[in-house]
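> Predicted structure and sequence below. I'll ask about it afterward.
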Amino acid sequence: MTFVQQQKVALASEIKAVLDSWVRYEKQVKEGERVKLTNHVIEKVLADLKDEKIQKEVILGAVTEIERKLSPSSSILLLLLILVSRTCQAQGYLDVPRSSYPNR
């Protein structure tokens, strides 16, 4: 009777070890997929940020968002931001057409 119980315990231990091993394997696979996806997304975003059209969209979106959030008394900050943007454009850092800026 003791031998049978020992065999049952040994079998249960072996099954548990196999299941634990499988869980570790699946965890490693999922982590690898997560790393690949993260690297792909980062590469895609960095590549997109090199595109001048996307740079313009980001800058213009930021100006628009700031403009919406500023109170009328804070319009001097918006004008300063526009001045800095135009200076960057003049220095060749940005290539945003002047028609894209809000008229003040």
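Received the coordinates, thanks. In this text the structure is predicted, and so the values were computed from the model without any measurement. Residues are numbered from 1 along each chain as shown.
> Can you show me the helices along the chain?
Per DSSP state H, the chain carries helices over the ranges 2-49, 52-69, 75-90.
> if I pick V58, what's in contact with it?
L49 (Cβ atoms under 8 Å, 6 or more residues apart in numbering). No exception for glycine: its C-beta is placed from N, CA and C like everyone else's.
> Check what pLDDT it gets.
With respect to pLDDT, V58 scores 85.
> could you point out where this protein is predicted with low confidence?
For the chain, residues meeting the criterion pLDDT under 70 lie at 70-77, 92-104.
> quick one, domains of it?
The chain breaks down into these domains under automatic domain parsing: 1-50, 51-104.
> okay, the ones you listed, which one's buried deepest?
Most buried of those by mean neighbour count (mean count of other Cβ atoms under 10 Å) is domain 51-104; its value is a mean of 12.
> how long is stretch 47-54 from one end to the other?
Stretch 47-54 has its terminal residues 10 Å apart, counting by Cα to Cα, to the nearest Å.
> so how far is that stretch from its chain's centroid?
Centroid displacement of stretch 47-54 relative to its chain, using Cα atoms, centre = their mean, to the nearest Å, is 15 Å.
> Please apply the same query to stretch 3-10.
How far stretch 3-10 lies from its chain's middle: 53 Å, per Cα atoms, centre = their mean.
> CA atoms only for it, dumped as PDB, please.
What follows is stretch 3-10, C-alpha atoms only, in PDB (Å, rounded to 0.1, in the frame of the first residue of the first chain):
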ATOM      1  CA  PHE A   3       4.500   1.600  -2.500                       C
ATOM      2  CA  VAL A   4       1.300   2.600  -4.400                       C
ATOM      3  CA  GLN A   5       1.000   5.900  -2.400                       C
ATOM      4  CA  GLN A   6       4.700   6.600  -3.200                       C
ATOM      5  CA  GLN A   7       4.000   6.000  -6.900                       C
ATOM      6  CA  LYS A   8       1.000   8.300  -6.800                       C
ATOM      7  CA  VAL A   9       3.100  11.100  -5.100                       C
ATOM      8  CA  ALA A  10       5.900  10.600  -7.600                       C
END
